[in-house]
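Enquirer: with the sequence up front, the predicted model follows.
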Amino acid sequence: MLFFAQAVLGSQLPIHIILGGLAGFTLAENKALATLPISLMVLVSMFTAAPASLFMGRFGRRLGFLAGALAGALGGALGVLALLLGRFELLLLGAACTGIYQSTHGFFRFAAADTASEAFRPKAISWVLAGGLLAALIAPELIRATSDYFAPIPFAGAYAAVVGINIVGALGIWFLDIPTPRRRVRGAPSGRALGVIFSQPKTLVAVICAMVSYALMVLVMTATSLAMDAQGFSTAHAADVVRWHVVAMFGPSFFTGAAILRFGHLRVIALGLILLGVAGVIAVRGVGLENFYLALIALGLGWNFSFIGATSLLGTTHTSEEQAKVQGLNDFLVFGLVTVASFSSGALLYAFGWTTVQLAMIPALAIAGIALLWLAVATTRSLSLSEQRQPLE
């Protein structure tokens, strides 16, 4: 059911990413605000992530995901009205509703781990995220088939399709069977304090790498459609590039979990960060169609390895009693940096150009790389001291 939800419900996010900037450009008087719908979607996700996690911790995953699908359907309907009426503010309101959906969407990966054994958890997370591969195939085809349904009004049909996506996805979520957590007796402890949990090196590094990998992916992806439009490429070209980007994001998920079990979290995260840097190098080298394809594919692969690796690493740092508050704060921080990246993307593109968007990745990649190296050294030293303390046979 989670794979189904990731595939069906998840297909609305590529639609919003592909069309959000283009629809914003159509409706906004100030064209520098074209990517504001995408940025607002991420901003709302940041502020609703923690409440969504606590809601699911009390009432269960199914009800939380159904509420998210309802918000997603409302976002699609408002998008249709915005384009038919020519109202930019309605597009922004719809984006805010979609942001509520996105905050619940982020918990599919955590829900995969709820009933999985510790050994199977990395595979469960990555296999559920693999549903995004189908989402990548569904979204561009829906755009092609429905965008001109309300011609000559562009894109309105695709937003109408988003409503249908949420209805179909909600039908699948209805059959999701994850036990609702037992309610904690009032006054009873809920595990360690957040300050204690987030003072652990593993927790810090997992959160930093998740924040950086997701934010850099959004930074580049948000600007891609507009950058391609500026180079004279069609909406169909942009949709195809984003499709292959999303394929690269989720396609490796069928084996990412196995790679984590074999090579460890840190090596997989490191590979992801390297690929994010490679994506920037490819994009800087030219603005031909092949550069956009290769850069966005490398960007997707980098996100997959670094983000899934970080998510799996975070799962080793807390107990089930602590998961709602830890996951909520993690996603608040992740979407917080993603919001900064999304707002910065359009501004950087219009003010300084496509190359500057890529160069903006360097400081964040450096911070994540240093944090990862620090944890690797600390882990090695800890293992060495542990072996020295063991009595000789």
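Expert: It's in. Numbers count the residues shown, from 1 in each chain.
Enquirer: against residue 7, how distant is residue 133?
Expert: Distance of residue 133 to residue 7, given as C-beta to C-beta, to the nearest Å: 8 Å. Just so you know, the C-beta spots here come from the backbone N, C-alpha and C atoms, and that holds for glycine as well.
Enquirer: please disregard the earlier target; I meant residue 23.
Expert: For residue 23 relative to residue 7 (C-beta to C-beta), the value is 24 Å.
Enquirer: looking only at neighbour counts, state which of those two leads.
Expert: Higher neighbour count among residue 23 and residue 7: residue 23, with 26 against 22, using other C-beta atoms under 10 Å.
Enquirer: next, residue 66: phi, psi?
Expert: Per-residue torsions, residue 66: phi -70, psi -40 (degrees, to the nearest 10).
Enquirer: one more: residue 264?
Expert: Dihedral angles for residue 264 - degrees, to the nearest 10 - are phi 90, psi 160.
Enquirer: and what of residue 314?
Expert: phi -60, psi -40.
Enquirer: got the buried residues for the strand or helix carrying residue 343?
Expert: Here residue 343, judged by DSSP states H and E, is contained in helix 323-352. Neighbour-count burial for helix 323-352, counted by 16 or more other C-beta atoms under 10 Å, picks out 323-346, 348-350.
Enquirer: return the set of buried residues in whichever helix or strand comes after it.
Expert: Using DSSP H and E, the helix or strand that follows helix 323-352 in sequence is helix 354-359. Using 16+ other C-beta under 10 Å as the test for burial, helix 354-359 gives 354, 357-358.
Enquirer: in JSON lines, list those along with distance to residue 82.
Expert: Formatted as JSON lines, the buried residues of helix 354-359 follow (distance: C-beta to C-beta, whole Å):
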{"residue": "354", "distance to residue 82": "28"}
{"residue": "357", "distance to residue 82": "27"}
{"residue": "358", "distance to residue 82": "31"}
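Enquirer: may I see those residues arranged in TSV, with distance to residue 303 and pLDDT as well?
Expert: Formatted as TSV, the buried residues of helix 354-359 follow (distance: C-beta to C-beta, whole Å; pLDDT from 0 to 100):
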residue	distance to residue 303	pLDDT
354	19	93
357	16	93
358	15	94
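Enquirer: nearest to residue 299, of these?
Expert: The closest of those to residue 299 turns out to be residue 358 (C-beta to C-beta; 10.1 Å).
Enquirer: quick check: the closest one touching residue 283?
Expert: Yes - counting by C-beta atoms under 8 Å, residue 358 touches residue 283, with 4.8 Å between them.
Enquirer: what touches both of these two?
Expert: Counting by C-beta atoms under 8 Å, 6 or more residues apart in numbering, the contacts common to residue 358 and residue 283 are residue 220.
Enquirer: same question for the host helix or strand of residue 56: list its buried residues.
Expert: If you go by DSSP H and E, residue 56 is part of helix 36-59. Across helix 36-59, burial judged by 16+ other C-beta under 10 Å covers 36-50, 52-53, 55-57.
Enquirer: wait, what's in contact with the residue nearest the centre of the chain?
Expert: Central residue of the chain (C-alpha atoms, centre = their mean): residue 214, 5.9 Å from the mean position. Contacts for residue 214 (C-beta under 8 Å, 6+ apart) come out as 303, 307, 334-335, 337-338.
Enquirer: same check on residue 257?
Expert: 122-127, 308, 312.
Enquirer: just those residues: which are in helices?
Expert: Counted as lying in helices by DSSP state H, out of the contacts of residue 257, are 122-127, 308, 312.
Enquirer: top of the residues you listed by number of neighbours, please.
Expert: Within the ones in helices among the contacts of residue 257, neighbour counts (other C-beta under 10 Å) peak at residue 308, which reaches 30 neighbours.
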